[in-house]
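Asks: sequence and predicted model, in that order:
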2 protein chains.
Amino acid sequence: MNNTGDRRRTIYDVAKAAGVSISTASNALNGTGRTNAETRERVRRVAEEIGFRPNALARGLLSKRSHAIGMLTNDTYGRLTLPMAAGVSEVLVDHGVSVFLCATNNDPRLAQQHLEALLDRQVDGIIFTATRLDLTPPVQLSRLPIPVVYVFAEGPADSVTFFPDDEQGPRLAVDHLKELGRSRILHITGPRDYLAARIRAQSYLDACGDGAEAMFGDWSEEWGHEAVQTVFARPGAKPDAIFCGSDEIARGVIDALRDLNVEIPTDVAVVGFDNWEVVARQTRPPLTTIDMELKELGHRAGLAILSLSKGEPVPAGITRLPCRLVVRQSCGSPLRSD
Amino acid sequence: MNNTGDRRRTIYDVAKAAGVSISTASNALNGTGRTNAETRERVRRVAEEIGFRPNALARGLLSKRSHAIGMLTNDTYGRLTLPMAAGVSEVLVDHGVSVFLCATNNDPRLAQQHLEALLDRQVDGIIFTATRLDLTPPVQLSRLPIPVVYVFAEGPADSVTFFPDDEQGPRLAVDHLKELGRSRILHITGPRDYLAARIRAQSYLDACGDGAEAMFGDWSEEWGHEAVQTVFARPGAKPDAIFCGSDEIARGVIDALRDLNVEIPTDVAVVGFDNWEVVARQTRPPLTTIDMELKELGHRAGLAILSLSKGEPVPAGITRLPCRLVVRQSCGSPLRSD
DNA sequence: TTTTTCTGCTAAAAGCTTTTATCAGGGATC
DNA sequence: GATCCCTGATAAAAGCTTTTAGCAGAAAAA
């Protein structure tokens, strides 16, 4: 009948072992109320000894803050979501906040189910993240009793939203290419109906000026390949640099250039977008590309939802976080690969 | 002062609105105890109307089961983890169980911090998953008061562990190649110190018999490329098929073969391992490969931890889940790509 | 008519923590 | 010596749900 051995220790055990009341134990452990320094030390020592850890459920029940948030994603492969989620949880674990991961597969019914589960758990907030930019959430998130932060996805007009800076990123690429003396820069990117593709293309056009050309297609290697074949088959001057809307496209571009016996970077320099290492590191030569700083995006989103959940104000609207140029060898820079 | 409007509805509100006691409301909603059918209906209707949803914290506090589990991963890029996690959460959400995602980055301190947070939250169990097979968990998981399930990672001797079937997978590949008339099958795979690489290679050797050769290297495209160059540079008979230990390696193999003007699949058939679509779909020709059924692995792990958390027995030891052959065009099958 | 059984409901406890209000006692002040 | 204030503690309530024990009334059995 004596099962105290494997029961979890409660604050009651601490109080008893330290010879004080429950309230004193609580006060001592949390540094609240008035406690004698000596008592406080004793209680803390005892708590440590018997391995007391407060029950987060009881705590949350009382404080009405569960110190947990939900992350709703419709990304299936995790290439964007997981690095971001790692950033979110990395920054939040220090504040004692944990993250529920809910993969919706873009299924509204599943999303709804996850959402209700999150609300039942009294999460302090929700981060919604999508892989596609123009996509609306698969579930109604606007009239929730808890704050919502959007990453890689657009919420309602006055919502808190984070994106990589799709204007600054392309400028980094173009500036880098210009510094290396390239002047005829071509842009090959994804579908025109992706907002990110449009923004990046426009920024590229603004940075390059006359003679610039943006080719829209798919987010695929195949499209990169095809686009290069088209360009090099037609008459007229050939580009001396290609800035791609994704690393996958860049991969196709590089392959196509090699098929055409065009030297990289001597004849044509190539810049990608994503810094998806498993692609960017494996191209020959390794790809200079734009990193969207997914982890940092996660950090910021995590901090935002933390502030919001405490009732602190957070500037509404879209915040665009700067991208970073990662120099490898596809542009002829003498720098070592990272 | 009247803030009842935005307060969450509790069972107290339901009881009041239905004109019954709290206990009756609870019994009616959960179908426990003795309740008049009419009362039960009324209570349920009222609950529905005012939008009552039980507070999972209070429920968990009482039942000592939080209906949440933790997933500890050291995968950084998410290629294995996220599909698996999606499988886990998909199967668990139907049982009212949510999943905490904890990315450890292989940092023991961070892992410990996450683990403690999970225990404080009274999670009903933990799924530990690693990307590398021989890796020990970055944190002590063996003496926990809650069950642990290992996926893609080896736990202590008597633990519940799931892996893809690294013996059956290679047999699928070899059998497929043999059926297509290939006889000189070469295996190019990752490092010898990866258990998975060794098992797959041995299974390949057993299936191929005399003349079979396994080349160990890296899990990289570059290694696939290099290995092909080596093989085709040396004298003697050339392989008519190459079975690769990963899709990335296969990618390098295919590129190298094309560089050598070897026709795929006419001269050499290629099979990969992973069915990592973003690679397998983009090779030219698209890659026939082995799918590890990550989502199914997640389903099984989720169900296992669910059973364990209820105290139901689950067979200990390593369970290996069958892989699936995905036929595309790199082996010359006439089937359409999927 | 009295006793038993069943039905439908309710009060109260338990789960664990934090917070509020209160209390006893000791020292300082007048 | 009486009053006041301060310190260091404590009891109790609150947070929300489920479960246990029990109660009142009606129907069935004796």
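Replies: Noted; the coordinates are in hand.
Asks: now the strands for chain A?
Replies: Using DSSP state E, the strands of chain A run over A:68-73, A:98-103, A:126-129, A:148-151, A:160-164, A:185-189, A:213-216, A:241-244, A:269-271, A:289-291, A:317-321, A:324-326.
Asks: isn't A:Leu119 right up against B:Arg53?
Replies: Yes: between A:Leu119 and B:Arg53 there is a contact under Cβ atoms under 8 Å: 6.6 Å. Heads up, the C-betas are built off the backbone N, CA and C, glycines and all.
Asks: ok so, going back, quick one, which of the strands of chain A is nearest to B:His114?
Replies: Proximity to B:His114 (Cβ to Cβ) singles out strand A:98-103 among these, at 8.0 Å.
Asks: could you dump the strands of chain A into a markdown table with distance to B:Asp158 and mean pLDDT added?
Replies: As requested, the strands of chain A are arranged in a markdown table below (distance: least, Cβ to Cβ, whole Å; pLDDT from 0 to 100):
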| stretch | distance to B:Asp158 | mean pLDDT |
| --- | --- | --- |
| strand A:68-73 | 32 | 95 |
| strand A:98-103 | 29 | 95 |
| strand A:126-129 | 38 | 94 |
| strand A:148-151 | 42 | 94 |
| strand A:160-164 | 45 | 95 |
| strand A:185-189 | 54 | 96 |
| strand A:213-216 | 57 | 95 |
| strand A:241-244 | 51 | 96 |
| strand A:269-271 | 53 | 97 |
| strand A:289-291 | 44 | 97 |
| strand A:317-321 | 47 | 94 |
| strand A:324-326 | 46 | 97 |
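Asks: buried deepest among the ones you listed, which one?
Replies: The highest average neighbour count among the strands of chain A, using mean count of other Cβ atoms under 10 Å in any protein chain shown, belongs to strand A:241-244 at a mean of 30.
Asks: so what does it touch, helix or strand wise?
Replies: With contacts taken as 3 or more Cβ pairs under 8 Å, 6 or more residues apart in numbering or on different chains; DSSP states H and E, strand A:241-244 sits against helix A:168-179, strand A:185-189, helix A:247-259, strand A:269-271.
Asks: distance to A:Asp240 added to these, as JSON lines?
Replies: Shown next, in JSON lines, are the helices and strands packed on strand A:241-244 (distance: least, Cβ to Cβ, whole Å):
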{"stretch": "helix A:168-179", "distance to A:Asp240": "9"}
{"stretch": "strand A:185-189", "distance to A:Asp240": "8"}
{"stretch": "helix A:247-259", "distance to A:Asp240": "12"}
{"stretch": "strand A:269-271", "distance to A:Asp240": "7"}
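Asks: all helices of chain A, in order?
Replies: Secondary structure of chain A by DSSP state H: the helices cover A:11-18, A:22-30, A:37-50, A:56-63, A:81-93, A:108-120, A:168-179, A:195-208, A:221-233, A:247-259, A:277-280, A:294-309.
Asks: contacts for the longest one?
Replies: Which is helix A:294-309. With Cβ atoms under 8 Å, 6 or more residues apart in numbering or on different chains as the test, helix A:294-309 has contacts from A:65, A:69, A:80, A:83-92, A:95, A:97, A:124-127, A:146-147, A:149, A:151-152, A:160, A:162, A:164, A:313-314, A:319, A:321.
Asks: that helix vs strand A:98-103, what angle?
Replies: Helix A:294-309 and strand A:98-103 are oriented at 120 degrees to each other (axes from the mean of the first three to the mean of the last three Cα atoms, to 10 degrees).
Asks: which strand residues bridge the closest residue in space to A:His176 that isn't next to it in sequence?
Replies: Nearest residue to A:His176, sequence neighbours excluded (Cβ to Cβ, 6 or more residues apart in numbering or on different chains): A:Leu325, at 5.8 Å. Beta-bridge pairing for A:Leu325 (DSSP bridges): A:Ile290.
Asks: contact partners for A:Leu325?
Replies: Neighbouring residues of A:Leu325 by Cβ under 8 Å, 6+ apart: A:172-173, A:176, A:288, A:290-291.
Asks: who are the packing partners of the least confident helix or strand in chain A by mean pLDDT?
Replies: Within chain A, no helix or strand scores below helix A:277-280, which has a mean of 87 by mean pLDDT, DSSP states H and E. When contacts are defined as 3+ Cβ pairs under 8 Å, 6+ apart, helix A:277-280 sits against helix A:247-259.
Asks: and the helix it packs on, is it in reach of chain B?
Replies: Yes: residues of helix A:247-259 are located near chain B by Cβ under 8 Å from any Cβ of the partner chain, namely A:248, A:251-252, A:255.
Asks: next: stretch A:28-46.
Replies: No: Stretch A:28-46 does not reach chain B (Cβ under 8 Å from any Cβ); its nearest approach is 13.4 Å.
Asks: count of residues packed around the residue nearest to A:Gly217 when sequence neighbours are not counted?
Replies: Nearest non-adjacent residue to A:Gly217, counting by Cβ to Cβ, 6+ apart: A:Trp223, 3.8 Å away. The tally of other residues near A:Trp223 (other Cβ atoms under 10 Å in any protein chain shown) stands at 24.
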